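Enquirer: could you look at this predicted model? Sequence included:
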Amino acid sequence: MKKYSIGVDIGGTKCAVLLGKGSIPAQADDGFILEKKCFFTEPEKGLQYTLDRLYAAVDALLLEREVDAGQVTGIGISCGGPLDHEQGVVLNPPNLYGWDGVPIVELLQERYGIPAHLQNDANACALAEWRFGAARGCRNVIFLTFGTGMGAGLILDGRLYNGISNMAGEVGHIRLEANGPVGYGKAGSFEGFCSGGGLIQLARSIAVEKLQQGQPPSFCPDFAALNSLNAKNVAEAAEKGDPVAAEVYRVCGENLGKGLAVLVDLLNPEIIVIGSIFARSRKLLWPHARAVLRREALMRSVEACRVVPSALGEHLGDYAALSVAFSQ
């Protein structure tokens, strides 16, 4: 009898439900994910609305593929924190209005009779890169999100590390400078410097200075353009040689190096995998980050650690959800 797995990726904007094979393949490929259904979360319509959409997607996958619940080995759930993975409860994520103390594992287990497991999205991505991607075969792995926010998933001695209160890996809260962009509620934090929001704060502050000097950067020709800045526009300008955009990525890259140095000295990992913005803009960030990392961290630990972009790219969230099904 064929075995299957189900992945549930819950985000503030979109949700995805996936049907995958019931065992981990030799390598990630399109054949492992059999089918995927997506829908907008729309948290403003209430918790039950989103849950009903989620159930409908799971039901449709099972029906269309003619899969009986008894053939599914597990359900993996990836969701933004905070959450309690041991109790299987989503607590109160800032991007999921109304999801306060939701026992998502219990709800899915009762409906389908299938073991379910929950992890925050950073941990789920760490599992995905470890099981399927760039960190396959490694025992000590750090995954950094570097997207909307900055968080880490930790694989230590071959096991996912959650911490005593499920808060391990909140590296975005580390303060790197006394002043700087605000992230995770803290000025000058790792998330403030190294996230999509942080990049835009940096770009705006530097662009304002240049505009006041009568030297507008190509990505921000006037004050009205400040509100429409995004990381993609700034990256494109930097790639075309705009010196102001290049300065934004220099500052971001150097602070990425500071954060990496702390992690390398503290945890001595063999690989650090970085997703999202780093994967897209590695050539703009890595030279600056590498120089600071080599200056600040213990060289023996630096030389033992590879820093690489996510190997799963745009499919990372899909593999992340499915990876949680195999996490126990």
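Expert: Nice, I can see it. These figures come from a predicted structure and were not determined experimentally. Residues are numbered from 1 along each chain as shown.
Enquirer: and residue 319, what element?
Expert: Using DSSP states H and E, residue 319 sits in helix 316-324.
Enquirer: same thing with residue 279?
Expert: Counting by DSSP H and E, residue 279 is found in helix 276-280.
Enquirer: any weak-confidence spans in the stretch 201-328 of the chain?
Expert: Residues of the stretch 201-328 of the chain that meet the criterion pLDDT under 70 lie in 328.
Enquirer: still on that earlier bit, show residues contacting the helix holding residue 319.
Expert: 5-9, 11, 16, 18, 20, 28, 32-33, 36, 76-78, 117-119, 121, 124-125, 127-133, 275, 310, 312 (Cβ atoms under 8 Å, 6 or more residues apart in numbering). Placement of C-beta: from N, CA and C, glycine included.
Enquirer: longest helix in this protein, please.
Expert: Longest helix of the chain, by residue count under DSSP state H: helix 243-267.
Enquirer: so which bits of that helix are buried?
Expert: 244-264, 267 (16 or more other Cβ atoms under 10 Å).
Enquirer: helices or strands next to that helix in the packing?
Expert: strand 152-156, helix 190-193, helix 196-212, helix 231-239, strand 271-274, helix 282-296, helix 299-303 (3 or more Cβ pairs under 8 Å, 6 or more residues apart in numbering; DSSP states H and E).
Enquirer: so residue 150 lies in a strand, does it not?
Expert: No: residue state for residue 150 (DSSP: H, G, I helix; E, B strand; the rest coil) corresponds to coil; a strand is not indicated.
Enquirer: neighbours of it, just the number please.
Expert: 31 (other Cβ atoms under 10 Å).
Enquirer: residue 254 and residue 289 touch, don't they?
Expert: Yes: with contact defined as Cβ atoms under 8 Å, residue 254 reaches residue 289; the gap is 7.0 Å.
Enquirer: how close does the residue lying closest to residue 219 once chain neighbours are set aside sit to residue 229?
Expert: What sits nearest to residue 219 in space, not counting adjacent residues and going by Cβ to Cβ, 6 or more residues apart in numbering, is residue 237, at 4.0 Å. Distance of residue 237 to residue 229, computed by Cβ to Cβ, to the nearest Å: 10 Å.
Enquirer: shared neighbours, these two?
Expert: With Cβ under 8 Å, 6+ apart as the test, residue 237 and residue 229 both reach residue 219.
Enquirer: quick one, which of these two is more surrounded?
Expert: residue 237 (21 against 18).
Enquirer: residues touching the residue nearest to residue 219, list them.
Expert: By Cβ under 8 Å, 6+ apart, the contact set of residue 237 is 217-219, 244-245.
Enquirer: tell me where the stretch 51-200 of the chain has helices.
Expert: 104-112, 121-131, 190-193, 196-212 (DSSP state H, counting those that start in this stretch).
Enquirer: what residues of the shortest one count as buried?
Expert: Same thing as helix 190-193. Under the neighbour-count criterion of 16+ other Cβ under 10 Å, helix 190-193 has 190-193 buried.
Enquirer: so which of the helices and strands packed on helix 243-267 is nearest residue 46?
Expert: In terms of Cβ to Cβ, the element of the helices and strands packed on helix 243-267 nearest to residue 46 is helix 196-212, at 27.2 Å.
Enquirer: how about residue 89, nearest residue that isn't a chain neighbour?
Expert: In space, residue 89 is closest to residue 103, 5.2 Å off (Cβ to Cβ, 6+ apart).
Enquirer: and the pLDDT for that neighbour?
Expert: At residue 103, the pLDDT value in this model is 96.
Enquirer: which residues touch it?
Expert: Contacts of residue 103 by Cβ under 8 Å, 6+ apart are 87-89.
Enquirer: so how far is stretch 14-23 off the chain centroid?
Expert: 17 Å (Cα atoms, centre = their mean, to the nearest Å).
Enquirer: hmm, I was thinking of stretch 171-191
Expert: Centroid separation between stretch 171-191 and its chain, computed with Cα atoms, centre = their mean, is 18 Å.
Enquirer: tell me how far the closest residue to residue 263 other than its chain neighbours lies from residue 90.
Expert: Nearest residue to residue 263, sequence neighbours excluded (Cβ to Cβ, 6+ apart): residue 142, at 5.7 Å. To residue 90, residue 142 is 24 Å away according to Cβ to Cβ.
Enquirer: could you give the backbone dihedrals for the residue sitting nearest the centre point of the chain?
Expert: Most central in the chain under Cα atoms, centre = their mean is residue 145, positioned 3.5 Å from the mean C-alpha point. Dihedral pair for residue 145: phi -70, psi -50, per degrees, to the nearest 10.
Enquirer: sounds good, over and out.
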